[in-house]
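> coords below, sequence missing:
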């Protein structure tokens, strides 16, 4: 046999659980290899492009914040540019008239400067450089020659405004310089100087990305206004000036090492150049791919666990069923341990339930003869017990009644006679079957005794179809129902008129006799009523009556109970009959 044939035979001989595990292992390994390839290629490129897009969006947000600060500064300069009072104060020939200078400072220059500084928080200093001869005062006005001598100031007739970044006393500063109007009305040369908080102005540029990156901001002439780097020590930044002046060449030369992005600050023509090492971006991408792979591996592990549980849930009951079938024999088929608890509703559960039903049916067929023998012995015992002569009890009660009459105790005599009648009809000469008439005699005696004991606390009404009195019925069917009506219906009722009504009639179809026992007591709650046939009691109760009736007449007959809480309860016995007309519905409704 060739090697493939041997492998095939070994696979066929493997257990089902081992086959499923092998198939799952092969499928999982193949899927993991394919996923690793996909994650390392297509997903890697997608993640890199996504990371680039995220950085671009973050860069644009930083640029938008920077544009807001730039516009605020330019708008502030527009306010001052159009302030006629301040322009007029800076275009007067004061000579040595210091009082006029002081008046110009107090009324036209200093108040406006203080207000403007409060309007724009990022502007930290406002100053006017003038050639009109105003004496410098409180840093608000200075001579134009001071500005012209500054190395960072570029004076030219075409330069109306300029942004410049410089370092002074070891601190980086950013200034916006604007030439104020000069004409026949304003003959002197004046410049507005607005100094911004350098770190605050560019604060939006320091949180573009979580990874290390560098950033350069240059004006339209290629002059570097700001640069930032978050590289760790040991790593060199790119040449900011070279990047600002020849961005295309630098980006092309270092494209394999850095990711380059740029964005424009529209109001002033600045350009923001961003660069970050591709290695750091790739590490984030690799970390994402690795995290994704771990999650997929966990999913496969969970899938394996669920597959194992599913396979075990199928094979375990089948193995248990197989072991039970192997144990079954005629000697131990009655052993209840052979039954399997299904605990599930799928096909396996259905198979186990069917097997249990079959096993129970076999047991029932085997036990039928034995159970029948036990029932026969029980019936023989009941018949023997019923043969006990009750004459001693009757004679004793008669003697008590006679002595009560001789003593003038008529109530006692009547009660004893009723008690004798009650026991005589209850014992029924040892027979389990009696007539409805005898049962009603038993109930009359019982109710008379109850009325005597309760001092006529309730009323009793009878509505009887005498043509049905000879129908057969098991003994002691009505007494438990009447007792239940008194004890649980009327005794706790606070109604002024309490009553029990016993009615014997036919149903509308004329094929069933109905015995109705109604009381106007407290009723039965709905939840209690649903469980009334399920409750076990220590005496002959409603469940006993229903089971005896169904056993004697069949499953379609028996006892039903209905109730309206707080109003009434009705127990209805249905037994078969033949002949005569039905109960009159109109009579029932009127009553």
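Structure's in. What do you need? All figures in this text were calculated on a predicted structure; none of them were measured in a lab.
> distance between the helix or strand that residue 571 is a member of and the chain's centre?
Element membership of residue 571, judged by DSSP states H and E, is strand 568-576. Taking Cα atoms, centre = their mean, to the nearest Å, one finds the center of strand 568-576 at 48 Å from the center of the full chain.
> who does it pair up with?
Paired neighbours of strand 568-576 in the sheet (DSSP bridges): strand 512-519 (antiparallel), strand 558-564 (antiparallel).
> can you list the ones you listed in TSV and add mean pLDDT, mean neighbour count and distance to residue 485?
Backbone N, C-alpha and C define where each C-beta goes, glycine included. Listed next are the strands paired with strand 568-576 as TSV, based on pLDDT from 0 to 100; neighbours: other Cβ atoms under 10 Å; distance: least, Cβ to Cβ, whole Å:
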stretch	mean pLDDT	mean neighbour count	distance to residue 485
strand 512-519	93	21	4
strand 558-564	90	17	11
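> want to throw the ones you listed into CSV with distance to residue 219?
Converted to CSV, the strands paired with strand 568-576 look like this (distance: least, Cβ to Cβ, whole Å):
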stretch, distance to residue 219
strand 512-519, 105
strand 558-564, 95
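> Can you say which of those strands is nearest to residue 220?
With Cβ to Cβ, the closest approach to residue 220 among the strands paired with strand 568-576 belongs to strand 558-564: 95.4 Å.
> Identify all contacting residues around the closest one.
Here strand 558-564 makes contact (Cβ atoms under 8 Å, 6 or more residues apart in numbering) with 481, 523-524, 529, 532, 542, 545-546, 549-550, 569-574.
> residue ranges for the strands of the stretch 401-550 of the chain, please.
Using DSSP state E, counting those that start in this stretch, the strands found in the stretch 401-550 of the chain span residues 433-435, 459-464, 472-474, 499-506, 512-519.
> just how off-centre is the second one within its chain?
A distance of 59 Å separates the C-alpha centroid of strand 459-464 from that of its chain, computed with Cα atoms, centre = their mean.
> Show me which positions of that strand end up buried.
residue 460 (16 or more other Cβ atoms under 10 Å).
> what angle separates it from strand 499-506?
0 degrees (axes from the mean of the first three to the mean of the last three Cα atoms, to 10 degrees).
> who does strand 459-464 touch, helix- and strand-wise?
Applying 3 or more Cβ pairs under 8 Å, 6 or more residues apart in numbering; DSSP states H and E, one finds that strand 459-464 contacts helix 436-453, strand 499-506.
> Recalculate using a threshold of 6 Å.
Applying 3 or more Cβ pairs under 6 Å, 6 or more residues apart in numbering; DSSP states H and E, we find strand 459-464 packed against strand 499-506.
> doesn't residue 150 fall inside a strand?
No: counting by DSSP: H, G, I helix; E, B strand; the rest coil, residue 150 falls outside a strand, being coil.
> so what pLDDT did it get?
Predicted confidence (pLDDT) for residue 150: 85.
> got the phi/psi numbers for it?
Main-chain dihedrals, residue 150, degrees, to the nearest 10: phi -70, psi 130.
> likewise residue 457?
Dihedral angles (degrees, to the nearest 10) for residue 457: phi -70, psi -10.
> any idea how far residue 576 is from the nearest residue in space to it that is not next to it in sequence?
Closest residue to residue 457 apart from its sequence neighbours, by Cβ to Cβ, 6 or more residues apart in numbering: residue 498 at 6.5 Å. Distance, residue 498 to residue 576, by Cβ to Cβ, to the nearest Å: 33 Å.
> what bridges to residue 178?
For residue 178, the beta-bridge partners are residue 161, residue 192 (DSSP bridges).
> got the contact list for it?
77, 161, 192 (Cβ atoms under 6 Å, 6 or more residues apart in numbering).
> and which of these is nearest to residue 312?
When these are compared for distance to residue 312 (Cβ to Cβ), residue 77 wins out at 80.0 Å.
> who are the neighbours in contact with that closest one?
So residue 77 contacts 178, 192 (Cβ under 6 Å, 6+ apart).
> 8 Å - rerun?
161, 176, 178, 192, 194.
> hang on, the earlier thing: just give me the least confident of the contacts of residue 178.
residue 161 (82).
> Please name the residues that touch residue 87.
Contacts for residue 87 (Cβ under 8 Å, 6+ apart) come out as 180-181, 186, 190.
> I'd like those laid out as a markdown table, including secondary structure, neighbour count and pLDDT.
Putting the contacts of residue 87 into a markdown table (DSSP: H, G, I helix; E, B strand; the rest coil; neighbours: other Cβ atoms under 10 Å; pLDDT from 0 to 100) gives the following:
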| residue | secondary structure | neighbour count | pLDDT |
| --- | --- | --- | --- |
| 180 | coil | 22 | 91 |
| 181 | coil | 12 | 91 |
| 186 | coil | 16 | 90 |
| 190 | strand | 22 | 91 |
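> Can I get those in TSV including distance to residue 317?
Shown next, in TSV, are the contacts of residue 87 (distance: Cβ to Cβ, whole Å):
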residue	distance to residue 317
180	96
181	98
186	102
190	99
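> now, which of those residues sits nearest residue 130?
residue 190 (4.7 Å).
> Name all residues that make contact with the closest residue to the closest one other than its chain neighbours.
With sequence-adjacent residues excluded and distances taken as Cβ to Cβ, 6+ apart, residue 190 is closest to residue 180, at 4.1 Å. Neighbouring residues of residue 180 by Cβ under 8 Å, 6+ apart: 80-81, 87, 90, 128, 186, 190-192.
> one more time with 10 Å, if that's ok
77, 80-81, 83, 86-87, 90-91, 128-130, 160, 186, 188-192 (Cβ atoms under 10 Å, 6 or more residues apart in numbering).
> List buried members of those residues by neighbour count.
Buried, going by 16+ other Cβ under 10 Å: 77, 80-81, 83, 86-87, 90-91, 128-130, 186, 188-192, out of those.
> Can you tell me which of these end up in strands?
Members of those lying in strands (criterion: DSSP state E): 128-130, 190-192.
> closest to residue 277 out of the strands of the stretch 401-550 of the chain?
That would be strand 512-519 among these, by Cβ to Cβ, at 94.6 Å.
> circling back to that earlier point, looking at the strands paired with strand 568-576, which is closest to residue 221?
Closest approach to residue 221 among these (Cβ to Cβ): strand 558-564, 99.6 Å.
> quick one: secondary structure of the residue lying closest to residue 262 once chain neighbours are set aside?
Distances taken as Cβ to Cβ, 6+ apart put residue 273 closest to residue 262, at 5.2 Å, once the chain neighbours are dropped. Judged by three-state DSSP, the three-state class of residue 273 is strand.
> Tell me how many other residues surround residue 273.
For residue 273, the neighbour count with other Cβ atoms under 10 Å is 22.
> Distance check, it against residue 223.
For residue 273, the distance to residue 223 equals 13 Å [Cβ to Cβ].
> go on, residue 269?
Using Cβ to Cβ, one gets 12 Å for the distance from residue 269 to residue 223.
> Looking at those two, which is more packed in?
Ranked by neighbour count (other Cβ under 10 Å), residue 269 and residue 223 place residue 223 first, with 18 against 12.
> wait, what's in contact with that one?
So residue 223 contacts 152, 154, 162-165, 217, 241, 244-245, 270 (Cβ under 10 Å, 6+ apart).
> Just name the closest of the residues you listed to residue 258, please.
For the contacts of residue 223, the residue nearest residue 258 by Cβ to Cβ is residue 244; the value is 15.2 Å.
> Remind me what the longest helix out of those in the chain packs against, helices and strands.
Looking across the chain with DSSP state H, the single longest helix is helix 278-327. In terms of contacts (3 or more Cβ pairs under 10 Å, 6 or more residues apart in numbering; DSSP states H and E), helix 278-327 is packed against helix 16-38, helix 44-81, strand 258-265, helix 347-386.
> distance between it and the chain's centre?
26 Å.
> for stretch 211-224, same thing?
So, by Cα atoms, centre = their mean, the centroid of stretch 211-224 is 52 Å from its chain's centroid.
> Right, I'll call it a day here.
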